[in-house]
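# Return atomic coordinates for the entry below.
(2 chains)
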Amino acid sequence: MELVAAAALGKFIGAGLAAIGSGAAAIGVGHVAGNYLAGALRNPSAAASQTATLFIGLAFAEALGIFSFLVALLLMFAV
Amino acid sequence: MATETHAAEDTGLVFHPLDQFIVKPLFGEGPIHWYTPTNVTLWMAIAVLCIVALFVLGSRGRAIVPSRIQSVGELMYGFVYKMVEDVTGKDGVKYFPYIMTLFLFILFANFLGLIPMSFTTTSHIAVTAVLGFGVFICVTVLGFVLNGPAFLGLFWMKDAPLVLRPVIAIIELISYFVRPVSHSIRLAGNVMAGHAVIKVFAGFAAIAAISPVSILAITAIYGLEVLVAGIQAYVFTILTCVYLKDALHPAH
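From the prediction side, this is the model:
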């Protein structure tokens, strides 16, 4: 019985720890967007051609946050 | 199992935030086989019908000055065409129909999922994995057919120092095989997370003290989800273009 309780406790702690990954992904996405804006304000004429790169960078940074979200979901509902 | 039901009672939610993603058969209760019509097939069919309706109605008039529906169709066509041309170059335009199909299906599935009480087909990894692995298999086969063994040059960096090349090759190989996984999970995860957040706030709306805040939050998150629905369709398509470019021109 105590083992089951410990497992449930560990599940919730693990899901909470996985949520840190979402915060880290937020930092990454902020970096991408901020640096894009900084570059775009220095050279506005080149900004339009780089929006595709911006979105690819955002997608890559965000995917890792989604992975950690997925780990949290798996811990909560699948394990 | 016992702990889960207990946890649901503790939080005071009358429904589970992930209940909205349950696949149900349309008729009766029976077990779900591969041929059973479910709510997933229904909403996929609606998405396809909407796309067909948009383009059949839009291209019917062929007016010089486009009607409203025709200009929507033209805008989407031009947008995806320009994206394919910009990212993959002139020789990638041959594969434009495939990319256009992917873009429209994901866009319409995402937007139809935002209608209250509807079902979001793209929130299931099973659905997006078919799209993602389809792209992966197409691109890999295409790369080997067009370039032969030279396609492996994608992993062998010519401009890196010789000592580092095997290490980089292993890393590139791993990242190549993770592509379909991240490609599909990105779409499903984003859509699922957004919808689950809306449901969580909907659960808070039942508590009188915080219901105004929570309804405002639902409205704000719904607006964000409209944005995410478009951006994720765009991101899925542009990554397909990037992978296609790798297959067409493996030498960087």
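
# wait, does the strand or helix carrying B:Phe236 contact chain A?
Using DSSP states H and E, B:Phe236 sits within helix B:211-248. Yes: contact of helix B:211-248 with chain A (Cβ under 8 Å from any Cβ of the partner chain) involves B:Ile231, B:Tyr234, B:Val235, B:Ile238, B:Leu239, B:Val242. (Glycine included, C-beta is placed from N, CA and C.)

# Columns neighbour count on top of these, output as CSV?
Putting the residues of helix B:211-248 next to chain A into CSV (neighbours: other Cβ atoms under 10 Å in any protein chain shown) gives the following:
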residue, neighbour count
B:Ile231, 16
B:Tyr234, 20
B:Val235, 24
B:Ile238, 23
B:Leu239, 23
B:Val242, 16
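
# Between these, which sits nearest chain A?
B:Val235 (4.3 Å; Cβ to the nearest Cβ).

# before we move on, the earlier item: could the residues of helix B:211-248 next to chain A go into TSV alongside pLDDT?
Listed next are these as TSV, based on pLDDT from 0 to 100:
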residue	pLDDT
B:Ile231	90
B:Tyr234	93
B:Val235	92
B:Ile238	92
B:Leu239	92
B:Val242	91
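
# And the residue nearest the centre of the chain?
You didn't say which chain, so I picked chain A. The centre of chain A sits closest to A:Gly65, judged by Cα atoms, centre = their mean, with a distance of 2.1 Å.

# think we crossed wires, I meant chain B
By Cα atoms, centre = their mean, chain B has its centre lying nearest to B:Leu187, at 4.3 Å.

# just how off-centre is the helix holding B:Phe236 within its chain?
Centroid separation between helix B:211-248 and its chain, computed with Cα atoms, centre = their mean, to the nearest Å, is 9 Å.

# try stretch B:77-89
Here stretch B:77-89 is found 18 Å from its chain centre; the criterion is Cα atoms, centre = their mean.

# can you check stretch B:200-212 too?
Centre-to-centre, stretch B:200-212 and its host chain are 30 Å apart (Cα atoms, centre = their mean).

# Pull out the buried positions in it.
Of the residues in stretch B:200-212, B:Val200, B:Phe201, B:Ala202, B:Gly203, B:Phe204 count as buried by neighbour count, 16 or more other Cβ atoms under 10 Å in any protein chain shown.

# Give the closest residue to the residue nearest to the centre of chain A in space, chain neighbours not counted.
Closest residue to A:Gly65 apart from its sequence neighbours, by Cβ to Cβ, 6 or more residues apart in numbering or on different chains: A:Ala25 at 2.4 Å.

# Can you give me the distance of the one you found to A:Leu64?
6 Å (Cβ to Cβ, to the nearest Å).

# Looking at the two, which has the bigger crowd around it?
Of the pair A:Ala25 and A:Leu64, A:Ala25 is the one with more neighbours under other Cβ atoms under 10 Å in any protein chain shown, namely 19 against 16.

# Point me to the residue of chain A nearest chain B.
Residue nearest to chain B within chain A: A:Ile66 (3.5 Å; Cβ to the nearest Cβ).

# Tell me the helix or strand right after the longest helix seen in chain A.
Secondary structure of chain A read by DSSP state H shows that its longest helix is helix A:2-42. Remark: after helix A:2-42, the chain's next helix or strand is helix A:44-47, criterion DSSP H and E.
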